[in-house]
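[1] attaching a predicted model along with its sequence, questions to come.
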Amino acid sequence: MLTNPCTGAKIDAAVDIDVNLAADIVVDLQVIVDLIVQLGVDLTAKVTAGGLVVADVKACIAIVIAIVNLCATILLKIAAHLAVGVSVNIFVSVVVALAACIRVVINLCISVCLGTAGGLSVIDLALLVGLAAQLTACLTAFVSACLALGISV
């Protein structure tokens with residue numbers, strides 16, 4: 001969405017996604033996959049080392065939810081703007097990889113919220129109530145977006 005600087009009106013900048021643009025999008029999605037994998041690695045290391053702080057956990061979960069929701073929005077936009085004759089097959093492998101790493105990070109965040117990962121006191125865990133449900137909801141939205149694109153994950 002762009003904004004007209006004169007009127008402030010929103011301009012839908014959607015373009016049909018042709019094969020070349022699809023290939024570029026796949027490369028960009030792979031970068032997101034790599035970043036989410038690194039987030040999972042870093043979070044796992046932090047959980048293993050101990051010393052989790054509730055504020056950091058909440059901030060991390062907010063970031064994870066924002067990333068997953070952004071990915072879902074991207075997939076829905078792709079589904080809506082694929083040019084005729086462009087197969088979703090070009091996206092399959094990267095979307096499956098994206099779904100896999102998102103599941104790992106969300107499951108880790110949920111295990112932190114529920115106390116099964118360790119590192120937080122019972123008092124701290126009480127401050128994280130409801131975040132597991134939010135994580136599950138954003139994962140459900142992501143899976144729905146994958147299905148809208150025609151990719152089962």
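    Nice, I can see it.
[2] count the residues that sit near Leu120.
    21 (other Cβ atoms under 10 Å). (Each C-beta comes from the backbone N, C-alpha and C, glycine too.)
[3] so what does it have for phi and psi?
    Leu120 adopts backbone torsions of phi -130, psi 150, taken as degrees, to the nearest 10.
[4] now do the phi/psi pair for the residue lying closest to it once chain neighbours are set aside.
    What sits nearest to Leu120 in space, not counting adjacent residues and going by Cβ to Cβ, 6 or more residues apart in numbering, is Leu52, at 5.4 Å. Per-residue torsions, Leu52: phi -70, psi 140 (degrees, to the nearest 10).
[5] how near is Leu52 to Val105?
    For Leu52, the distance to Val105 equals 15 Å [Cβ to Cβ, to the nearest Å].
[6] state the mean pLDDT of the longest helix along the chain.
    Secondary structure of the chain read by DSSP state H shows that its longest helix is helix 19-49. Averaging pLDDT along helix 19-49 yields 94.
[7] mind listing what's buried in that helix?
    If you call a residue buried by 16 or more other Cβ atoms under 10 Å, then helix 19-49 has these buried ones: 21-22, 25, 29, 32-33, 36-37, 39-40, 43, 46-47.
[8] do the same with stretch 89-101
    90-92, 94-95, 97-99, 101.
[9] so Val84 lies in a helix, does it not?
    No: assessed with DSSP: H, G, I helix; E, B strand; the rest coil, Val84 is coil; it does not lie in a helix.
[10] most centrally placed residue in this protein?
    With distances taken as Cα atoms, centre = their mean, Val68 lies nearest the centre of the chain, 1.9 Å away.
[11] now do that one against Val143, distance only.
    10 Å.
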